[in-house]
Structures are given as C-alpha cells and as structure tokens.
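Engineer: Pasting the sequence and the predicted coordinates here, then a few questions.
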Amino acid sequence: MSSLVTKPAPAPLTSDINRKPPTADSVAAAPLNAAGDKANLTSFWRTPEAGNIYRHAEHLTGPVTPCLVDHAGLRERLVAAAASSNPNPVRVIDMCCGTGVVSGCVQRMVREMGGREGEKLELVCADSSEAQLGVVREKIEREGWVGVDVALCDIMDQKFEDGSFDVVICAMAIMLIADPYKAVAECHRVTKPGGTFATSTWVIEGWIPDTRDAVSALALPGGRPVCWPRNSAELTNLWGPGCWESPSFVTSMFTAAGFVDVEVEVVTKWVRFSGPDEFCTVFQAFMYGVVERFWTREQKVGLKGELLPAIRRFLERKYQGGPFSVERTVLLARGRKDDM
C-alpha cells in the first residue's frame, strides 16, 4: 500500500518546478569516486565528532520517527505479548541507531502505554560508531531507559545469531550504507520467522532549495558561482547507492532479500526552525558534505568560510528573522519474514 500524507507548510520553500538542471560544462566539482564516497561515509560515522553532529540532526529526524515505529507494528506486538501467557520477550533492535532517536521514541511509547508492555520489551541499540553509542549510553542513564542494551555492530556483518529479533528497525540509514543490499539481507537473517523489518529512507530533503538559492551568487573573484544540488534528487542520488526514494525499488529490494507482505508509505512532515542559526546548526554537516562533492579545491579554500554567513543572510531576508519550516518527506517500508 502506498499513500501520501501532506500538511501545509507555515512558510513555503522555493519551488524546484521549471528549474533547469546544470549543464555538463557548468559543473566544476571534483571527479566523482563512488567507491571513495562510500568509504568516506563509512569512516565518517565512526569518527569521534559523529555523535555530536548527530545530536543536532535529531531535530530533523525526530518528527518522522514515531511514524516509523508505528509502521513497524511494534505497539501491537507489545500489546499482544503483554496479554499472552507466553513468557518470551519482544526482542527489538534499533539498527544503525545513531544517537538513539528511534530507541528514545520506543521508550516513551512504552511509558505512555503504562502496562506490562515495558516488561516485555528487550531493546538493542546497535551502531558501528562508538561515538554515537556513547551518546546513547548517556541517554540510557539520564532518561532511565529500561530493557535496553548497546552493541557495536556493522549492519553488513552482524554478529547476531539467525532469527534473533522480532522487530528490526533501521531509520534513515539503509540508503547510506556502502552495500545496502547486503545490509538488507543481513537484517532478513537476524529477523525471526514471522518478525518484521522496517526502514525509513529519504524522499525529499527540503533544505536544498533555500541553500541552493542562498549560494547562487557565491563565487571567487572573477569566477563562476559555486555549484550546488538543484533539487533533492541530485543530493540523494549522489550520497545513496540505489533509488531508496522509490516505493517500487524499496519493495523490490525487500522482496529480493526474502521478505513478504511488503508495505510502503510516503510521509511528509514540516520541521520547524526558530531561525537561521538553528537551521545552520542542524544542517551544517550536511552542507559541508555538499561542499566536498560540488566545489572545486579553490572554492573550498577560498569560500568555505563564507557558506554559513551567506545562508544566514538569505534566510534572514526571506523569513524576516522569524521561524520557518522545512519539508522532510520519507518513505516507510516494512516486510515480514515468512514463517518456516
């Protein structure tokens, strides 16, 4: 099943309609190196600063996270387990957990349910980044999470036994994995028969239009303006191997890995920002990632320090110093591992 949930934006973004894509001779970025990009992404997640960077990104990922947890059917599974005489827990893994946005949502959900559901939950927060797991450990202690463990884990080479988990959730990560197809196959392996695998992947990154327009005149003396993605697809297609914004593609990848009863849903949320400073704090790492792929070496040296000031000035003018909202559209998918 595929559906689109939309909400009106308090402040609309600049439209991509009728904008022409850049021509080949207008693109002055360094040559693409897909293998290098994949390696760099994998290395970046494991750097010490990754945890601090993604603390800020929670502002962006948070609004769509409850939709993913609901799509995974976790609430219904916990309710059924609490009402059953079966002593077995519901084992859940938050794969590529980052700073624990999904796990935090699950913890809040079981507290709100208020019954035996929390007693039935066994939750594992897994990531290949020790820095991000450090943030998760802080949250566990500070917020009093229950029934939770932490595991250093590579999604492409998981050390868990076959059929370890009732629910496997991977939020906003599968499209960034160096080999996402191997990752989906591994998630199928560790899912119990009858269990669920659920993901969220990007469809529209709504911060691109404003940042694109903000840097449209940014140039070295006597040089051409810097290049920037013209729309969300130019960004996501560069950073992610595969068409993870496509419902049919995601359905096919789930099916190829062995999942059945695959369902997808497209959801749009508008993420509110108090002003330009908060926007730049949340998106700084993403924008610098664009710089690395789209700017020449000379532009990086001469203009990188001008990027955030240029964006702040543009946002101040456009939104008159007030709050504004940015679109986040994601694709939710879930599949069931067939009973054996």
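Structural biologist: Thanks, I have the structure now. Numbering: from 1, shown residues only.

Engineer: what distance separates stretch 97-105 from the centre of its chain?
Structural biologist: When distances are taken as C-alpha atoms, centre = their mean, to the nearest Å, stretch 97-105 is centred 11 Å away from the chain's centroid.

Engineer: Any idea how far apart the tips of that stretch sit?
Structural biologist: End-to-end distance of stretch 97-105 (C-alpha to C-alpha, to the nearest Å): 12 Å.

Engineer: What residues sit buried inside it?
Structural biologist: Of all the residues in stretch 97-105, those buried under the rule 16 or more other C-beta atoms under 10 Å are 97-105. Backbone N, C-alpha and C define where each C-beta goes, glycine included.

Engineer: Show residues contacting that stretch.
Structural biologist: Contacts of stretch 97-105 with the rest of the structure, by C-beta atoms under 8 Å, 6 or more residues apart in numbering, involve 51, 54-55, 57-58, 61-62, 65-66, 68-69, 94, 123, 125-127, 129, 132-133, 135-136, 139, 143, 145, 148, 169, 171, 173.

Engineer: What are the boundaries of the strands in this protein?
Structural biologist: With DSSP state E as the definition, the chain shows strands at residue ranges 4-5, 90-95, 121-127, 148-152, 165-171, 191-205, 259-273, 324-337.

Engineer: Can you tell me which of these is nearest to residue 309?
Structural biologist: Nearest to residue 309 among these is strand 259-273 (17.2 Å), distances taken as C-beta to C-beta.

Engineer: Show me what the closest one is packed against.
Structural biologist: In terms of contacts (3 or more C-beta pairs under 8 Å, 6 or more residues apart in numbering; DSSP states H and E), strand 259-273 is packed against strand 4-5, helix 65-71, strand 191-205, helix 247-257, strand 324-337.

Engineer: what helices or strands is the third one leaning on?
Structural biologist: If I follow you right, that is strand 191-205. Here strand 191-205 touches helix 65-71, strand 165-171, helix 180-190, helix 232-239, helix 247-257, strand 259-273, strand 324-337, going by 3+ C-beta pairs under 8 Å, 6+ apart.

Engineer: The most centrally placed residue in the chain and residue 228, how far apart?
Structural biologist: Nearest to the mean C-alpha position of the chain, by C-alpha atoms, centre = their mean, lies residue 172 at 2.4 Å. As defined by C-beta to C-beta, to the nearest Å, residue 172 lies at a distance of 22 Å from residue 228.

Engineer: for residue 83, same thing?
Structural biologist: For residue 83 relative to residue 228 (C-beta to C-beta), the value is 53 Å.

Engineer: got it, and residue 302?
Structural biologist: Distance, residue 302 to residue 228, using C-beta to C-beta: 16 Å.

Engineer: who has more neighbours, the two?
Structural biologist: Neighbours were counted for residue 302 and for residue 228 using other C-beta atoms under 10 Å; residue 228 has more, 22 against 15.

Engineer: Count the neighbours of the nearest residue to the more buried one once chain neighbours are set aside for me.
Structural biologist: Counting by C-beta to C-beta, 6 or more residues apart in numbering, the nearest residue to residue 228 once its immediate chain neighbours are dropped is residue 212, at 4.7 Å. By the other C-beta under 10 Å criterion, the neighbourhood of residue 212 contains 20 residues.

Engineer: Residue 227 is in contact with residue 212, correct?
Structural biologist: No - no contact is recorded between residue 212 and residue 227 when judged using C-beta atoms under 8 Å, the distance being 9.8 Å.

Engineer: May I see the buried residues of stretch 215-232?
Structural biologist: Of the residues in stretch 215-232, those scored as buried under the neighbour-count criterion (16+ other C-beta under 10 Å) are 215, 218, 226-232.
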